[in-house]
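**Q** quick one: sequence plus predicted model below, questions after.
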Amino acid sequence: MACRISELILECADPERLAAFWCEVLGYVEIGREDDGGIEIGPPDVGFGGPQPTIILSPGDVPPATKPRLHIDVNPTDRDQAAELERLLALGARPADVGQTGAEDWHVLADPEGNVFCLLRARVRPV
């Protein structure tokens, strides 16, 4: 038997704002609220335990200024990378510099609170 990732927890200053951002990025919906003000989001009509992990936006400290040890990678599902980059920037993502050379075939971005994530080139099928 093996484990599988069921949830990702992201500490943030404004769970409402980040939940809205990541719901738009991933096509997720709000599936629950935590007593501490956290918001759980996940795929519509699936929720916890489905093939994709849910994300809990948990109230917490501002992320450290150093490069995080873990980040999220996303792939476009219904458009090419350039069109998806344009969409993500319109949602509030911004380019981030983590020391990349510029020759990479992915884009490093930050969400509205500065959490780094990457937009990869390959298009994947929606789940």
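**A** Arrived safely.
**Q** C-alpha only now, for contacts and for neighbours.
**A** Will do.
**Q** so where's this protein uncertain?
**A** Flagging of the chain using pLDDT under 70 yields the residue ranges 1, 62-67, 69.
**Q** give me the domain ranges for this structure.
**A** Domains of the chain are assigned by automatic domain parsing as 7-61, 70-127.
**Q** tell me the most buried of the ones you listed?
**A** Among those, domain 7-61 has the highest mean neighbour count (mean count of other Cα atoms under 10 Å), at a mean of 17.
**Q** could you find the closest non-adjacent residue to residue 36?
**A** With sequence-adjacent residues excluded and distances taken as Cα to Cα, 6 or more residues apart in numbering, residue 36 is closest to residue 59, at 7.3 Å.
**Q** next, give phi and psi for residue 93.
**A** phi -70, psi 160 (degrees, to the nearest 10).
**Q** look up how far residue 52 lies from it.
**A** 22 Å (Cα to Cα, to the nearest Å).
**Q** and residue 17, by the same measure?
**A** Using Cα to Cα, residue 17 is found at 21 Å from residue 52.
**Q** same deal with residue 96?
**A** Note on residue 96: its distance to residue 52, by Cα to Cα, is 26 Å.
**Q** circling back to that earlier point, doesn't residue 15 make contact with the residue nearest to residue 36?
**A** Yes: assessed by Cα atoms under 8 Å, residue 59 is found in contact with residue 15 at 6.2 Å.
**Q** now do the shared contacts for these two.
**A** 37-38 (Cα atoms under 8 Å, 6 or more residues apart in numbering).
**Q** and residue 11, what are its bridge partners?
**A** Beta-bridge pairing of residue 11 under DSSP bridges involves residue 58.
**Q** please begin residue numbering at 341 from this point
**A** Done: numbering now begins at 341, and the last item shifts to residue 351.
**Q** ranges for the strands of the chain?
**A** Listed in chain order, the strands of the chain (DSSP state E) span 347-352, 369-373, 379-382, 394-399, 412-414, 434-435, 447-450, 456-459.
**Q** show me what the third one is packed up against.
**A** Secondary structure elements in contact with strand 379-382, counted by 3 or more Cα pairs under 8 Å, 6 or more residues apart in numbering; DSSP states H and E, are helix 355-366, strand 369-373, strand 394-399.
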